[in-house]
Every structure is written in structure tokens, then in C-alpha cells.
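> no sequence for this one, just the structure:
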């Protein structure tokens with residue numbers, strides 16, 4: 001069974017309570033349950049991680065290929081705009097990576113308009129709330145060759 005790594009970046013553990021006017025009221029737990037149900041239907045295994053620490057995220061991406069992951073679904077959150085280290089890890093990992101965001105980063109503050117990850121990801125989905133994750137996983141599964 002193929003394995004997909006899902007990485008939630010900083011502050012996403014606060015979903016449901018943090019700035020609901022921007023991120024909605026859906027909790028990270030609910031997003032994870034939705035992704036697991038989608039993965040079960042697609043007959044793939046998900047490993048889901050959340051970290052507020054840049055180095056931990058870099059380590060997860062860096063070990064993904066040797067840990068036999070077929071692809072990565074990532075919401076780098078604030079590291080989208082600031083982390084050359086996360087960007088470089090995405091480039092170095094050699095896997096298909098889909099970037100997702102709950103909000104439309106281009107309709108927010110100007111400093112959020114630049115993603116360091118998008119140019120090196122296979123694709124980016126944003127602005128659809130929790131559905132961004134479902135759309136991102138679907139796109140990732142379509143991009144991975146030879147899935148059952």
C-alpha cells in the first residue's frame with residue numbers, strides 16, 4: 001500500500017479557534033479524519049504530522065523518501081513565506097509534493113503573497129478552507145504513478 005506524508009505547519013494545531021474569520025471553525029482533527037477517510041477509499045496509507053518547529057518539518061521532508069513515502073501533502077503555514085530550509089527540503093526530497101492552504105494567500109496581507117514553496121511544489125491549492133486538503137490529496141494521488 002502506498003504511503004503519503006501529510007505535514008501541517010505552525011499554528012495549525014489551533015484550527016477551529018484561531019482567527020475563524022480567516023481559517024474557519026474546522027479543527028485539525030476533523031481535517032485529519034476527512035483525509036483518512038479519503039485515503040481509505042483510495043487504498044493509500046496516510047501518516048499525518050503537525051509541527052510548529054521548522055527543523056522538525058525539514059527532517060520529516062528529508063526522511064520521506066527513505067521512509068518509503070510516495071508523496072507529500074503539506075501546508076507549510078507561515079513557513080510558506082519565510083523558510084528557505086523547507087523549500088530546499090522539498091527540492092531535495094525527490095518526491096511529488098502538493099502545497100495546500102486554507103485561505104487564499106493572495107487576498108491577504110502583502111507579505112503572504114509570496115510562497116517560497118509553490119515554485120518547487122508539483123502544485124498548489126489554496127482558498128477553499130478545509131476542502132483545500134481534500135483537493136490537494138486528490139491531486140497528489142493523481143500525480144503519483146502506479147497507485148492501485
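Received the coordinates, thanks. Note that this is a predicted model, so its numbers are computed, not measured. Numbers count the residues shown, from 1 in each chain.
> show me where this structure has its strands.
Counting by DSSP state E, the chain has these strands, from start to end: 3-8, 45-50, 71-75, 96-101, 123-126.
> for the first one, which strands pair with it and how are they oriented?
Pointing back at strand 3-8 there. Strand pairing for strand 3-8, determined by DSSP bridges: strand 45-50 (parallel), strand 71-75 (parallel).
> mind picking out the helix or strand in this protein with the poorest mean pLDDT?
Sorted by mean pLDDT, DSSP states H and E, the helices and strands of the chain end with helix 20-23, the least confident at a mean of 64.
> dump the strands of the chain into TSV; add distance to residue 27 and mean pLDDT as well.
To be clear about C-beta, it is placed using only N, CA and C from the backbone, and glycine gets the same treatment. Shown next, in TSV, are the strands of the chain (distance: least, C-beta to C-beta, whole Å; pLDDT from 0 to 100):
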stretch	distance to residue 27	mean pLDDT
strand 3-8	11	98
strand 45-50	12	98
strand 71-75	14	98
strand 96-101	16	97
strand 123-126	19	96
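> would you mind giving those as TSV with distance to residue 60 added?
Output for these, formatted as TSV (distance: least, C-beta to C-beta, whole Å):
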stretch	distance to residue 60
strand 3-8	6
strand 45-50	6
strand 71-75	8
strand 96-101	12
strand 123-126	19
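> most packed of the strands paired with strand 3-8?
strand 71-75 (a mean of 26; mean count of other C-beta atoms under 10 Å).
> skipping adjacent residues, who's closest to residue 39 in space?
Distance criterion C-beta to C-beta, 6 or more residues apart in numbering; nearest residue to residue 39, sequence neighbours excluded, is residue 46 at 4.5 Å.
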